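1. Build me a structure from this.
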Amino acid sequence: MKKLFLLFACLVIIFSACGQTDTSVVYFTKTISPEGLIKVFSYIENEVHGKIGFKVHFGEEGNQNYISPDLMKPLVQKLNATFVETNVLYVSKRRYTASHIQLAKDHGFTYAPIDILDSEKDTALPAISKHFSKVLTGSHFYNYDTYVILSHFKGHGSAGFGGAIKNVGMGMASVAGKMALHASDVPKTTPSKCIGCGACVKECPAGAISLNPLIIDKSKCIGCGKCIGVCQVQSFSVPWGSTEESVFLERLVEYAKVLSEQKKMVYINVLANISKSCDCARHAQEPFLADIGILVSTDMVAIDKASHDLVDKACNCNDAFVKAGNPSGKHQIEYAAGLKLGNKCYKLVDVDKK
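-> Okay, here's the model as predicted:
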């Protein structure tokens with residue numbers, strides 16, 4: 001109890017330096033339970049209206065750290081919400097709509113409808129930004145009036161950490177959008193694996209692939225990533241590492257900004273099972289911190305900043321995820337604040353004391 005008190009005392013000192021006009025409210029409870037989630041969410045519930053998409057991560061097959069569907073069940077049912085997700089870029093059950101939905105059900109997400117936003121086709125949204133002229137999401141994106149973004153706040157090998165910004169920017173991008181976020185080159189090829197079936201040639205919308213030997217014409221490739229998903233022997237792969245870390249983080253933020261400007265969004269960050277690994281990891285590492293609590297806000301920058309501050313304080317370090325072995329992801333927050341996506345300054349309200 002004394003340690004928790006000192007933690008909040010330190011945070012109050014930090015927050016007092018923020019200007020009142022540029023301060024967002026973040027609500028906090030240390031009670032990680034369905035009842036705790038209902039209570040803390042009640043402080044922003046009046047911001048939610050219409051048809052609700054509840055954005056979650058269903059967890060990769062073999063992952064043990066994803067947030068339990070039992071935690072959110074009463075809230076999802078109260079809101080009469082639909083679970084929403086998008087398919088992933090790499091090859092797994094979560095790449096393909098039918099197996100993605102089945103995996104979600106296998107993981108316990110059985111009490112609400114599931115909608116894979118890019119299950120049919122992509123929708124391009126115009127962007128005027130440093131890195132993009134458009135962002136790509138699924139065609140079902142506009143089917144909802146409000147999105148509740150529930151993020152498992154934890155580490156990520158490329159982004160440093162994953163929170164609300166990443167859950168919108170990466171989590172709501174279509175497969176082609178994810179390719180645009182991650183890659184600065186065409187897919188890698190392994191010609192020795194190719195069996196010459198021609199599936200990739202038929203699937204490629206740009207006519208950029210030829211066989212015998214397997215080659216991608218860089219002048220034609222549009223970076224959609226379809227070849228990666230259609231190849232049954234994995235002759236194609238994502239060119240991980242082809243993008244500088246700072247550029248990748250800026251791309252995440254720019255996607256999040258465009259998407260969040262289209263629809264009303266509110267944010268939940270769950271600070272539990274905090275490991276260096278993303279929920280996309282098939283064998284996630286063990287948590288390196290004790291569970292901290294649940295935060296909610298209408299500001300995705302403020303909630304990620306508050307979450308990172310709490311994790312850093314609990315770790316007694318400047319960047320807990322760097323200490324755990326990841327790159328720093330704090331450029332997400334700085335860049336997002338610079339684009340006026342939200343406020344770095346926030347007031348943390350402990351609802352357990354109310």
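
2. Buried residues, the longest helix seen in the chain. List them.
-> Using DSSP state H, we find that the single longest helix of the chain is helix 245-262. Within helix 245-262, the residues scored as buried using 16 or more other Cβ atoms under 10 Å are 248-260. Heads up, the C-betas are built off the backbone N, CA and C, glycines and all.

3. tell me which strands and helices it is in contact with?
-> Contacts defined by 3 or more Cβ pairs under 8 Å, 6 or more residues apart in numbering; DSSP states H and E place helix 245-262 against strand 122-126, strand 134-138, helix 164-169, helix 175-182, helix 331-338.

4. And the strands in the stretch 101-250 of the chain?
-> Ranges of strands in the stretch 101-250 of the chain, per DSSP state E, counting those that start in this stretch, are 114-116, 122-126, 134-138, 146-152, 154-156, 160-162, 188-189, 209-210, 215-216, 236-237.

5. Flag every buried residue along the second one.
-> Of the residues in strand 122-126, those buried by neighbour count under the rule 16+ other Cβ under 10 Å are 122-123, 125.

6. Mind putting those into a markdown table with distance to Met300 and pLDDT?
-> As requested, the buried residues of strand 122-126 are exported to a markdown table (distance: Cβ to Cβ, whole Å; pLDDT from 0 to 100):
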| residue | distance to Met300 | pLDDT |
| --- | --- | --- |
| Asp122 | 23 | 97 |
| Thr123 | 21 | 97 |
| Leu125 | 17 | 97 |
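
7. Lys202: which of those is nearest?
-> Taking Cβ to Cβ as the measure, Lys202 lies nearest Asp122 of the buried residues of strand 122-126, at 18.7 Å.

8. so what's the closest one up against?
-> The neighbours of Asp122, taking Cβ atoms under 8 Å, 6 or more residues apart in numbering as the test, are 136-139, 174, 176-177.

9. for Thr243, same thing?
-> 182-184, 251.

10. top of those by neighbour count?
-> In terms of neighbour count, Arg251 stands highest of those at 25 neighbours, by other Cβ atoms under 10 Å.

11. wouldn't it be in contact with Ala127 here?
-> No - Arg251 is beyond contact range of Ala127, at 10.6 Å (criterion: Cβ atoms under 8 Å).

12. Ile128: how many residues sit nearby?
-> As a burial measure, Ile128 scores 9 neighbours (other Cβ under 10 Å).

13. Please disregard the earlier target; I meant Asn87.
-> Neighbours of Asn87 (other Cβ under 10 Å): 20.

14. shaky segments in this structure?
-> Residues of the chain meeting the criterion pLDDT under 70: 1-21.

15. Pick out the residue nearest the middle of it.
-> Geometric centre of the chain, nearest residue: Asn167, 2.0 Å, by Cα atoms, centre = their mean.

16. how about that one, what does it touch?
-> 55, 57, 149-151.

17. what do you get for Glu286?
-> Taking Cβ under 8 Å, 6+ apart, one finds Ser275 in contact with Glu286.

18. thinking again about what came up before, next SSE downstream of the longest helix of the chain?
-> The helix or strand immediately downstream of helix 245-262 is strand 264-271, counting by DSSP states H and E.

19. Mind giving me the packing neighbours of that next one?
-> Looks like strand 264-271 contacts strand 146-152, helix 164-169, strand 293-297, helix 300-315 (3+ Cβ pairs under 8 Å, 6+ apart).

20. switch to 6 Å and redo it
-> Other elements packing on strand 264-271 under the criterion 3 or more Cβ pairs under 6 Å, 6 or more residues apart in numbering; DSSP states H and E are strand 146-152, strand 293-297, helix 300-315.

21. what's the neighbour count on Val76?
-> 22.

22. gap between it and Cys197?
-> For Val76, the distance to Cys197 equals 42 Å [Cβ to Cβ, to the nearest Å].

23. cool, and Val311?
-> As judged by Cβ to Cβ, Val311 and Cys197 stand 47 Å apart.

24. if you count what's nearby, which of those two comes out ahead?
-> Each of Val311 and Cys197 has its neighbours counted (other Cβ under 10 Å); Val311 has more, 24 against 14.

25. got a list of what that one touches?
-> Ala320 (Cβ atoms under 6 Å, 6 or more residues apart in numbering).

26. And for Val48?
-> By Cβ under 6 Å, 6+ apart, Val48 lies in contact with Thr146.
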